[in-house]
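# sequence first, then the predicted structure, then my questions.
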Amino acid sequence: MEFKVPTMAELLAAGEEPEILFWVGCAGSYDERAQKITRDICKILHHVGMKYAVLGTEESCTGDPAKRAGNEFLFQMQAMTNIEVLNAYNIKKIVTGCPHCFNTIKNEYPGLGGSYEVIHHTQLIQDLINEGKLKAEGGESFKGKKITFHDPCYLGRGNGVYEAPRKALEVLDAQLVEMKRCKSNGLCCGAGGAQMFKEPEKGKKDVNVERIEEALETNPQVIAAGCPFCMTMLSDGIKLKDKEQEVKVLDIAEITARANGL
């Protein structure tokens, strides 16, 4: 499927406004694995005929890693730059491919002058399913497949979004199995709080290994994720356990795109 993803600058030049801005995020832009998720979110937006745009080169990091690592000054500089761009384009609604971007823009930008309606891509998918625009037919069948969902910290415990990703999986007619630590009692993948960018402290076991062992206890065929950092950590865990042939780690957007034959 070939189509062009419009930028805000192009829409503005044409005198048009998007229904929603897709905030791609750093991982979604630069991480090879996360780029696939970005493409699938665009495919979904295109498929349902939603008018959307991206910022393109005008988008820069939300400042989440800087803030979590303790550099508040850098965070505020990054945030202010983005808020100026977003406000100049009169942006009202944003969808993100990453819970870290979601949390930062939703909860931390308002205090700096940037107030927008922000949703995570799993919430967008849930809305589209509820509106009957996404059916989970015409593509790969997940019927009867065992799927377990790993709650991203900033989506679940951080913002109380537990239903949307599960709703997106329920329409597949798959067998949803929960890990023993899930929802409000979930466990981090090991990448949160800027840990993604540094080596772990000394301890008995890496967090992602602990988490992947829990996931494998459910005997899944698919581990579903909703975050590019979780995707990296869970995939690394699967490699370490030598289960790459038996277990796939897929983002909710990828599963949705596959089920709809996009």
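Done, it's in. Numbers count the residues shown, from 1 in each chain.

# helix, strand or coil for the closest residue to residue 106 other than its chain neighbours?
Spatially, and ignoring its direct neighbours in sequence, residue 106 is nearest to residue 118 (3.9 Å; CB to CB, 6 or more residues apart in numbering). Every C-beta, even on glycine, is put in place using the N, C-alpha and C of the backbone. Following DSSP: H, G, I helix; E, B strand; the rest coil, the label given to residue 118 is strand.

# in the sheet, who's paired with residue 118?
residue 94 (DSSP bridges).

# how about it, what does it touch?
Counting by CB atoms under 8 Å, 6 or more residues apart in numbering, residue 118 touches 93-96, 102, 105-106.

# from the residues you listed, which single one is nearest residue 132?
When the contacts of residue 118 are ranked by distance to residue 132 (CB to CB), residue 95 comes first, at 18.9 Å.

# doesn't residue 117 make contact with that closest one?
No - Residue 95 lies out of contact with residue 117 (CB atoms under 8 Å); the separation is 9.6 Å.

# neighbour count: the two, which is higher?
residue 95 (26 against 11; other CB atoms under 10 Å).

# give the contact list for the nearest residue to residue 107 once chain neighbours are set aside.
The shortest distance from residue 107 to any non-neighbouring residue, by CB to CB, 6+ apart, is to residue 159 (7.7 Å). Counting by CB under 8 Å, 6+ apart, residue 159 touches 99, 102-103, 106-107, 120.

# please report how far residue 185 lies from residue 235.
From residue 185 over to residue 235 the distance is 23 Å, taken as CB to CB, to the nearest Å.

# more neighbours: those two, which one.
residue 235 (20 against 11).

# so which residues of the stretch 101-250 of the chain form helices?
Here the stretch 101-250 of the chain has its helices, by DSSP state H, counting those that start in this stretch, at 121-130, 163-170, 207-217, 228-240.

# quick one, which of those helices is nearest to residue 68?
helix 228-240 (11.2 Å).

# so the closest one versus helix 207-217, what angle?
70 degrees (axes from the mean of the first three to the mean of the last three CA atoms, to 10 degrees).

# who does helix 228-240 touch, helix- and strand-wise?
For helix 228-240, the packing partners by 3 or more CB pairs under 8 Å, 6 or more residues apart in numbering; DSSP states H and E come out as helix 25-30, helix 32-47, helix 207-217, strand 222-225, strand 248-251.

# of those, which is nearest residue 166?
Taking CB to CB, strand 222-225 is the member of the helices and strands packed on helix 228-240 nearest to residue 166, at 9.1 Å.

# about what we covered before: closest to residue 28 out of the helices of the stretch 101-250 of the chain?
Going by CB to CB, the one of the helices of the stretch 101-250 of the chain nearest residue 28 is helix 228-240, 6.3 Å.
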